[in-house]
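> Predicted model, plus sequence, below.
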Amino acid sequence: MPREVFVCPFPDVNAGRWQVSQSGGTLPHWSHSGRELFYINGDRALVAATVVPGASFTLGAQAKLFDASPLRTWGEYTLLYDVAPDDQRFLMLRPVIEARLAGGNRADKLVQITNWTAEVQAKLAGKAPK
């Protein structure tokens, strides 16, 4: 049986339960406006489910946005994407090999930047960082 996406009220999670996905669903993520719920369906497509404003939960139309199968997977509960503040764009992870094939730079090393806030503050103040 595939996993599905459900919505429950908060904080009284026992006051109701509504199923959003119909043929599999994982990794739900609310839009910033709260009027859409995004999730990956059983066909590995990113879906936008419209939420109709009102006193109780009402699900509107659902639309497949695009194929999400190239996304990096680290298990069923790891959020692999994020929604931009305007709810119109997504940040997604994809495997390094696909990034290289798409003409991207090599991503085989990790760079850690420490004390970056001091550098930003110094540059904003017109000073050279220490």
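Alright, I've got the coordinates. Numbers count the residues shown, from 1 in each chain.

> Could you identify the helix or strand that succeeds the helix or strand bottoming out on mean pLDDT in the chain?
When the helices and strands of the chain are scored by mean pLDDT, DSSP states H and E, helix 96-101 comes last with a mean of 54. Next helix or strand after helix 96-101 toward the C-terminus (DSSP states H and E): helix 116-124.

> Any figure for the gap between residue 59 and residue 81?
In this view, residue 59 and residue 81 are 21 Å apart by Cβ to Cβ, to the nearest Å. C-beta: built from backbone N, CA, C; applies to glycine.

> do residue 38 as well
8 Å.

> which of those two has more neighbours?
More neighbours surround residue 38 than the other of residue 38 and residue 81, with 21 against 16 (other Cβ atoms under 10 Å).

> Secondary structure element for the more buried one, which one?
Assigned by DSSP H and E, residue 38 falls within strand 36-41.

> chain center to that strand: distance?
Centroid separation for strand 36-41 versus its chain: 9 Å, with Cα atoms, centre = their mean, to the nearest Å.

> From the contact counts, what lies against it?
strand 25-30, strand 45-52 (3 or more Cβ pairs under 8 Å, 6 or more residues apart in numbering; DSSP states H and E).
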